[in-house]
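Asker: show me the folded form of this:
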Amino acid sequence: MNLSGDGSVEVEVVVDSRDQVGEGPVWIGPERRLVWVDITRRLVHGLDPATSHTETVDVGQCVGAVATRSSGGLVAAVETGFGVIDVATRSLEMVAEVEADNPNNRMNDGKCDSSGRFWAGTMAFDETPGAGALYRLDADHTVTKVLDDVTISNGLAWSLDDRNMYFIDTPTNGVDIFDYDFETGAVRNRRRLIEIPPELGAPDGMTVDTEGYLWVALWGGRAVHRYAPDGTLHTVVSLPASQITSCAFGGEDLTELYITSATQGLSERELHQQPHAGALFRCRPGANGIPAYSFRD
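Answerer: Have a look, this model is predicted:
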C-alpha cells in the first residue's frame, strides 16, 4: 500500500503489524531479510521482502533490540539482560543478567558497533527519571556500565570513522555525541549535537548513512529527520502515524529505509485516525545505508 510522504518521498506500508512498540529494525544482508521487535508484546518479527512472508517468535519477555551474531542466530537485549536467540529452535538463552536487583527496569534499544560489541540501555517501566543506564556486552559476555542517570535509553549510532558515538536519551529531546575509543569501547566528553524542539516530537531510534548523516525517528512527531554530521536538519520524511520509533536501511543496495512505529499511548480516536499506527513502513529517501554489524562472540 502506497501512502503520501512529505511530497518528495513516497512511503508504503510493508507489514501492517499493529505493533504496540515496534522497534529496532535490522537488515540481515546475507539472508535478504529484515528483523524487528515489538518490545512489550515480547515478539521478534522477521520479514522476507521478496515474498512478503513474515514469521514471529515470542521470546517470553520484553525484548528491546536484536542484532545478528557472527556465529549464527541473534543477540538480544531482553527485559532481564542479554540473551541469544536460536532462530531454528525459537529459543532464548540468557548470557548475562543486567540490573537483576531491579525488577522495575527493563532493557530497551540496542545496537552493535563495528568491533562487534553489543550496546543496549535500560529504562524504568514507569519511566522514572534517571533510573536507567547504558551497557556494553563484550565478546566474552562481560557487561560494562558505560553511562548512568539515563531515563529512556534509545538510539545509538557511530560516525563512519569510528571516532564518535551518538546517543539518545529520549526525554532530553536531543542527540548527544561522545568521543569514542574503537579499541576499548570507552566513551568520554559528552556534548549536545542536535536539539529537537518538543513540538516536533521526541527522538527515539536512529541510524547512519554512507555520508555520515543521522536519521532520527521522532516519537509523537510523525516523521524521520535526517541531520548532517554538524547537526543541521537536512531532510524530513513524513509518515501516516504519530509514534515513530526507529529506522534502518535495507534492501539489496541498502537504499530502502525501513521505519517502525507504535500504537502504545494512542487513544481509540487516535487509532481510528491512524489506521496504520504500529506498521512497518518503507521508503526510498535518496540515501544509502551501511551494513548492520554483528555481535562477535
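Asker: the chain: helices as residue ranges?
Answerer: For the chain, applying DSSP state H gives helices covering 268-273.
Asker: where are the low-confidence patches of it?
Answerer: For the chain, the stretches with pLDDT under 70 are 1-7.
Asker: and V95, what does it touch?
Answerer: 81-84, 137, 141 (CB atoms under 8 Å, 6 or more residues apart in numbering). Glycine gets a C-beta too; all of them are placed from N, C-alpha and C.
Asker: how near is it to G46?
Answerer: Relative to G46, V95 is positioned 21 Å away (CB to CB, to the nearest Å).
Asker: and Y293, by the same measure?
Answerer: In this view, Y293 and G46 are 19 Å apart by CB to CB.
Asker: before we move on, what about D162?
Answerer: As for D162, its distance to G46 is 29 Å (criterion: CB to CB).
Asker: do the same with T184
Answerer: For T184, the distance to G46 - CB to CB - is 34 Å.
Asker: neighbour count for those two, which is higher?
Answerer: Per other CB atoms under 10 Å, whichever of T184 and G46 has more neighbours is G46, with 18 against 10.
Asker: hang on, isn't that one packed against T56?
Answerer: Yes. G46 is within contact range of T56, at 7.4 Å (criterion: CB atoms under 8 Å).
Asker: can you tell me the closest non-neighbouring residue to H225?
Answerer: When the adjacent residues along the chain are set aside, H225 lies closest to V216, with 5.0 Å between them (CB to CB, 6 or more residues apart in numbering).
Asker: correct me, but the one you found touches A202?
Answerer: No. V216 sits out of contact with A202 when judged by CB under 8 Å, with a separation of 10.1 Å.
Asker: now the common contact residues for the two.
Answerer: With CB under 8 Å, 6+ apart, V216 and A202 have common neighbours I196.
Asker: who's more crowded, those two?
Answerer: Applying other CB under 10 Å to V216 and A202 shows that V216 carries more neighbours, namely 29 against 21.
Asker: residues in contact with the nearest residue to T172 once chain neighbours are set aside?
Answerer: Of all residues not flanking T172 in the chain, T151 sits nearest, at 7.6 Å (CB to CB, 6+ apart). T151 makes contacts with 123-124, 127-132, 169-172, as judged by CB under 8 Å, 6+ apart.
Asker: which of the residues you listed has the most neighbours?
Answerer: That'd be G132 among the contacts of T151, by other CB under 10 Å, with 27 neighbours.
Asker: tell me what that residue is bridged to.
Answerer: Applying DSSP bridges to G132 gives these bridge partners: V150.
Asker: please name the residues that touch it.
Answerer: By CB under 8 Å, 6+ apart, G132 lies in contact with 105, 108, 121-124, 150-153.
Asker: make it 6 Å
Answerer: 121-123, 150, 153 (CB atoms under 6 Å, 6 or more residues apart in numbering).
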